[in-house]
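1. here are the coordinates; sequence isn't available:
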């Protein structure tokens, strides 16, 4: 019985990701972003090859073109260059990385998107899949 309890207690530790599964994104244009990135890397034992440095504007919103050039392309480059494409399961953006991609329209017809939602599509894009500027939120569609 005691052995079974010990095994059950160890399951979360066995399933926990290690630092090699995390990509930390730092905006070098922000001192605070760099400091947060350094702190997170030390505390979580993230390998330095899993830190992606980019230079972006210091605002919450970014244009689609700037997102493609200053956020998505550098992150895809970091994943490819460092052999992380099949290893990284989590992308952590630090304070100072824009939060929203500007767009037009409203409600379900908008092209506005969040940076983290766009980054969830990055792996598929790197595999050659194409997406519209914004995908409809299936959760919202089910509520309507």
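-> Arrived safely, thanks for sending. This structure is a prediction, so every number in the text was calculated from the model and none was measured.
2. ok, residue 63 - contacts?
-> By C-beta atoms under 8 Å, 6 or more residues apart in numbering, the residues touching residue 63 are 101, 102. Bear in mind the C-beta positions are built from the backbone N, C-alpha and C, glycine included.
3. Please tell me how far it sits from residue 55.
-> Distance check for residue 63 against residue 55: by C-beta to C-beta, to the nearest Å, it reads 15 Å.
4. swap in residue 76?
-> 16 Å.
5. So for these two, which residue has more residues nearby?
-> Neighbours were counted for residue 76 and for residue 55 using other C-beta atoms under 10 Å; residue 76 has more, 17 against 11.
6. list the contacts for the closest residue to the more buried one other than its chain neighbours?
-> In space, and not counting its chain neighbours, residue 76 is closest to residue 126: 5.7 Å by C-beta to C-beta, 6 or more residues apart in numbering. By C-beta under 8 Å, 6+ apart, the residues touching residue 126 are 76, 79, 80, 85.
7. Test my guess that the second one contacts residue 91.
-> No - using C-beta atoms under 8 Å, residue 79 makes no contact with residue 91, being 9.0 Å away.
8. list residues touching both of these two?
-> With C-beta under 8 Å, 6+ apart, residue 79 and residue 91 have common neighbours 23, 122.
9. what's the most centrally placed residue in the chain in contact with, if anything?
-> The residue lying closest to the centre of the chain (C-alpha atoms, centre = their mean) is residue 91, at 3.2 Å. Residue 91 makes contact with 22, 23, 25, 75, 116, 119, 122 under the criterion C-beta under 8 Å, 6+ apart.
10. Report the buried members of the residues you listed.
-> Buried members of these, counted by 16 or more other C-beta atoms under 10 Å: 22, 23, 25, 75, 119, 122.
11. does the fourth one sit in a helix, a strand or a coil?
-> Which is residue 75. helix (DSSP: H, G, I helix; E, B strand; the rest coil).
12. element containing the residue nearest to it when sequence neighbours are not counted, please.
-> In this structure, residue 75 finds its nearest non-sequential neighbour in residue 52, 5.4 Å apart by C-beta to C-beta, 6+ apart. Assigned by DSSP states H and E, residue 52 belongs to strand 51-54.
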